[in-house]
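A.B. asks: predicted model, plus sequence, below.
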Amino acid sequence: MTSNTEGAEALAARAKVSLARIAHRGPDDEGLLQRGRTVIGHRRLSIIDLATSRQPMSDPSGRYVFAYNGEVYNYRQLRAELETKWDFRTTGDTEVALAGLVRYGADFLQRMEGMWALCLWDSESDTLLLSRDRMGKKPLYYCATSNRMACASELSALAALANRPWQEDLDSTADYLRYGFCLPGRTAYLGVHEVLPGHWLTWQPGARPNSQAYWSLKAVGCPSFKQEALELVRGSFETAVARRLEADVEVGAFLSGGVDSSLVVAVTRKRLGVNIKTFSIGFEDPSYDERRFARLAARDCGTEHHDQVVTEWDRSSLERLVLRHVGQPFSDPSLLPTAAVSSLASQYVKVALSGDGGDELFSGYQRYQARVLLRWYTRLPKALRIAADRAISGLPEPTAHHSHSLLKKAHLFLDVIRRQDMETPYVAPVLYSRDAFAGLAPDLAGLGHPPPGIPTVCDHHDLDRMMAADTLIYLPQDILVKVDRASMAHSLEVRAPFLDRELVELAFSVPASRHRYRFAGKRLLRSAIADLLPREIWRRRKQGFAVPLGLWMRGSLGQALEDLLACTQTVLDPAPVKELLEHHRLGRRDHGHRLWSLYVYLLWKSHKGQPAY
């Protein structure tokens, strides 16, 4: 934090409060450096070079001060290249990143492979450099004026640095009601932003922040010969997993029993020969419980496996996750089981591998299948399309969560049809159409930010655009937020091999048609490494990491929603919310996810629309 309007003593006091609010992100060490009206603080979760790589870290001259959260997986290679230009005092990746940025500036970011949120302060030019990794795995928020800059890894920590309470950004509220999350670069608060993934940002007193991209999604070119392409995918994936095993502490893995997490574990054990502990959670409702498949994968790979059952979530845990760790409305209910499996894993390890990114990169989502069906649908005569729409609309909502249900597929297909012209580019999956959320909140009609553009490299096919939108919007704004906040709440670092830069670029070098066979996705991934998993894992129906919201909303959670609606002043019109809840309770439609999004928003507003601690 730096300010030309606030005294040094006041700055230091705010910084100490801010650091205390992210103690969970770094329980192993704390550092605070102040020079005049600039203060930089850091909380450390020690993973590499446990003894010496303390932060904030200065260069030998004292001109530069560096702090970052994350890991640079290729730091040994980069260190070897820098050793003739830098007298290293430590053995970890922190000083490598510092040395490279001091020697080469922001251009060095392109050579770093890993995940990070970093700041580098040049005390001579009074310039602050901020940056996030390419995929946005690590968070970095900031608020800036011409004479004041503050940044932090979580919104609650940033709020401690603010001079005044923040105001709700109604455009972002409209985005939230539509998508369930804030769009890239935005937050729920006016004047509070996030550094974009794959970008760096500089700030000097008297100037506005300047943001530039150092990476964008580009196809690298995949061989047309099938066997060569398969070998390239297999080799890149194994390299990505091996990179993420770099640590001076034990590494474990999340294991849901799905294809992606099972592949990560299988490569770790069968290809790399590394012993590993695995972790999963389940539910009493069998349609949500994946423990049978997780145990099957664990036995096949020979891991030390741990699992547990989660029942209905208690409100205090939910408030802590949403209000303290996320710090703004966030509608993905799988935040809850992710926190549960993180809590379990943190009892045994400090680092866990995950399968995040496999669905986006290799066309695994069921809505991609619905998009394929849409092509056939649009070729039908108009009368037949209308008849099909009416027939599917008349079908009851599926009661089972799993996606192999024909009812589930039918409703998913209808949902894609109704959304196909709602926005360009397509942004995965919406909670409410613009008209629908305008009915819930009339004052928000016409508000909202346009979704970011999708690279032209992916514009040759509608399915490619969907996958690119999921990778560049849904993944960093939903999936990675969920995983980072839930895991770091328990002082656990999670690494995602599928999000290795080389593998991402390779996956998008292949047209979507090569990722799918008939109506099934992950064709390329399956062909490349099918031998690593039992057939039962490959053939199982896709479930996703979901919770039984429908059941919970018919019980105490629905009552909690009603109570909040009655006592909280918001932009929402209570009447349509009550009607939605009543329809859900009567079993006419399953509105569990939509009601959950409204509950989370009301919960946030009940705390004056501020991050909590």
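C.D. replies: The structure has been received and is ready for your questions.
A.B. asks: outline the domain layout of this structure.
C.D. replies: 2-213, 226-363+466-539, 548-613 (automatic domain parsing).
A.B. asks: what's the helix or strand for Leu603?
C.D. replies: helix 592-606 (DSSP states H and E).
A.B. asks: same question for that helix, mean pLDDT?
C.D. replies: Averaged over helix 592-606, pLDDT sits at 94.
A.B. asks: what residues of that helix count as buried?
C.D. replies: 592-606 (16 or more other Cβ atoms under 10 Å). Bear in mind the C-beta positions are built from the backbone N, C-alpha and C, glycine included.
A.B. asks: ditto for stretch 61-80
C.D. replies: With the criterion 16+ other Cβ under 10 Å, stretch 61-80 contains buried residues 64-73, 75, 78-79.
A.B. asks: and for Arg501, the neighbour number?
C.D. replies: 20 (other Cβ atoms under 10 Å).
A.B. asks: I'd assumed Lys137 was in contact with it.
C.D. replies: No. Counting by Cβ atoms under 8 Å, Arg501 stays clear of Lys137, with 11.4 Å between them.
A.B. asks: before we move on, the earlier item: just the domains of the chain: most buried one?
C.D. replies: Mean neighbour count (mean count of other Cβ atoms under 10 Å) peaks for domain 226-363+466-539 among these, with a mean of 21.
A.B. asks: what is the end-to-end distance of it?
C.D. replies: End-to-end span of domain 226-363+466-539 (Cα to Cα, to the nearest Å): 23 Å.
A.B. asks: still on that earlier bit, pick the one among the buried residues of helix 592-606 closest to Ala507.
C.D. replies: His593 (27.8 Å; Cβ to Cβ).
A.B. asks: not counting sequence-adjacent ones, nearest residue to that closest one?
C.D. replies: Leu549 (6.0 Å; Cβ to Cβ, 6 or more residues apart in numbering).
A.B. asks: state the pLDDT value of the one you found.
C.D. replies: 84.
A.B. asks: these two touch, right, it and Trp596?
C.D. replies: Yes. Leu549 lies in contact with Trp596 (Cβ under 8 Å); the separation is 5.2 Å.
A.B. asks: anything in contact with each of the two?
C.D. replies: Counting by Cβ atoms under 8 Å, 6 or more residues apart in numbering, the shared contacts of Leu549 and Trp596 are 333, 557.
A.B. asks: helices along the stretch 151-300 of the chain, start to end?
C.D. replies: Using DSSP state H, counting those that start in this stretch, the helices assigned to the stretch 151-300 of the chain run over residues 155-159, 170-179, 226-243, 259-266, 291-301.
A.B. asks: against Leu380, how distant is Leu373?
C.D. replies: Distance, Leu373 to Leu380, by Cβ to Cβ, to the nearest Å: 11 Å.
A.B. asks: tell me where the stretch 251-400 of the chain has strands.
C.D. replies: Remark: strands assigned in the stretch 251-400 of the chain by DSSP state E, counting those that start in this stretch are 251-254, 277-283, 304-310, 351-353.
A.B. asks: now the first one - C-alpha only, PDB.
C.D. replies: Below are the C-alpha coordinates for strand 251-254, written out as PDB (Å, rounded to 0.1, in the frame of the first residue of the first chain):
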ATOM      1  CA  VAL A 251       2.000 -33.200  -2.000                       C
ATOM      2  CA  GLY A 252      -1.400 -34.900  -2.000                       C
ATOM      3  CA  ALA A 253      -4.300 -34.800  -4.500                       C
ATOM      4  CA  PHE A 254      -8.100 -34.300  -4.600                       C
END
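A.B. asks: paired strands for that strand, with orientation please.
C.D. replies: strand 277-283 (parallel), strand 351-353 (parallel) (DSSP bridges).
A.B. asks: is Met135 in a helix, a strand, or coil?
C.D. replies: coil (DSSP: H, G, I helix; E, B strand; the rest coil).
A.B. asks: pLDDT score for it?
C.D. replies: Looking at Met135, the pLDDT reads 97.
A.B. asks: pull the contacting residues for it.
C.D. replies: 115, 197-198, 357, 471, 475-476, 480, 496, 499, 504.
A.B. asks: please redo it, this time with the cut-off set to 10 Å
C.D. replies: 115, 197-198, 215, 217, 356-357, 360, 471-472, 475-476, 480, 496, 498-501, 504 (Cβ atoms under 10 Å, 6 or more residues apart in numbering).
A.B. asks: next one: it relative to Val192, how far apart?
C.D. replies: From Met135 to Val192 the distance is 22 Å (Cβ to Cβ).
A.B. asks: secondary structure element for the most centrally placed residue in the chain?
C.D. replies: Centroid-nearest residue in the chain: Leu480, 1.2 Å away (criterion: Cα atoms, centre = their mean). Here Leu480 sits within helix 480-488, counting by DSSP H and E.
A.B. asks: remind me what that helix packs against, helices and strands.
C.D. replies: strand 114-122, helix 335-346, strand 351-353, strand 493-495 (3 or more Cβ pairs under 10 Å, 6 or more residues apart in numbering; DSSP states H and E).
A.B. asks: related to what we said a few turns ago, which one of the strands paired with strand 251-254 lies nearest to Ser256?
C.D. replies: Closest among these, once you apply Cβ to Cβ, is strand 277-283, at 5.8 Å.
A.B. asks: tell me how far the closest one lies from the chain's centre.
C.D. replies: The chain centre lies 20 Å from the centre of strand 277-283; the measure is Cα atoms, centre = their mean, to the nearest Å.
A.B. asks: stretch 588-603 now?
C.D. replies: The answer for stretch 588-603 is 21 Å, by Cα atoms, centre = their mean.
A.B. asks: rewinding a little: now the helices of the stretch 151-300 of the chain as CSV including mean pLDDT and distance to Thr2?
C.D. replies: Converted to CSV, the helices of the stretch 151-300 of the chain look like this (pLDDT from 0 to 100; distance: least, Cβ to Cβ, whole Å):
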stretch, mean pLDDT, distance to Thr2
helix 155-159, 96, 14
helix 170-179, 95, 26
helix 226-243, 91, 34
helix 259-266, 94, 41
helix 291-301, 90, 47
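A.B. asks: would you mind putting those helices into a markdown table with distance to Ala13 alongside?
C.D. replies: Output for these, formatted as a markdown table (distance: least, Cβ to Cβ, whole Å):
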| stretch | distance to Ala13 |
| --- | --- |
| helix 155-159 | 14 |
| helix 170-179 | 30 |
| helix 226-243 | 40 |
| helix 259-266 | 43 |
| helix 291-301 | 47 |
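A.B. asks: closest to His325 out of the ones you listed?
C.D. replies: Taking the helices of the stretch 151-300 of the chain one by one with Cβ to Cβ, helix 155-159 is closest: 7.5 Å.
A.B. asks: of the strands paired with strand 251-254, which is nearest Leu155?
C.D. replies: strand 351-353 (23.9 Å).
A.B. asks: could I get stretch 45-61 in CSV with only the CA atoms?
C.D. replies: Provided in CSV are the C-alpha atoms of stretch 45-61 (Å, rounded to 0.1, in the frame of the first residue of the first chain):
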residue,chain,number,x,y,z
LEU,A,45,2.7,-20.6,3.4
SER,A,46,6.1,-22.3,3.2
ILE,A,47,6.3,-24.8,0.3
ILE,A,48,9.8,-24.3,-1.3
ASP,A,49,13.0,-23.3,0.5
LEU,A,50,11.3,-23.4,3.9
ALA,A,51,14.0,-21.6,5.9
THR,A,52,15.4,-18.6,3.9
SER,A,53,12.9,-17.3,1.3
ARG,A,54,11.3,-14.7,3.6
GLN,A,55,9.1,-11.9,2.2
PRO,A,56,8.9,-9.1,1.5
MET,A,57,12.3,-9.6,-0.2
SER,A,58,14.6,-6.8,-1.4
ASP,A,59,17.3,-6.9,-4.0
PRO,A,60,20.9,-6.4,-2.7
SER,A,61,20.8,-2.7,-3.4
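A.B. asks: good, wrapping up.
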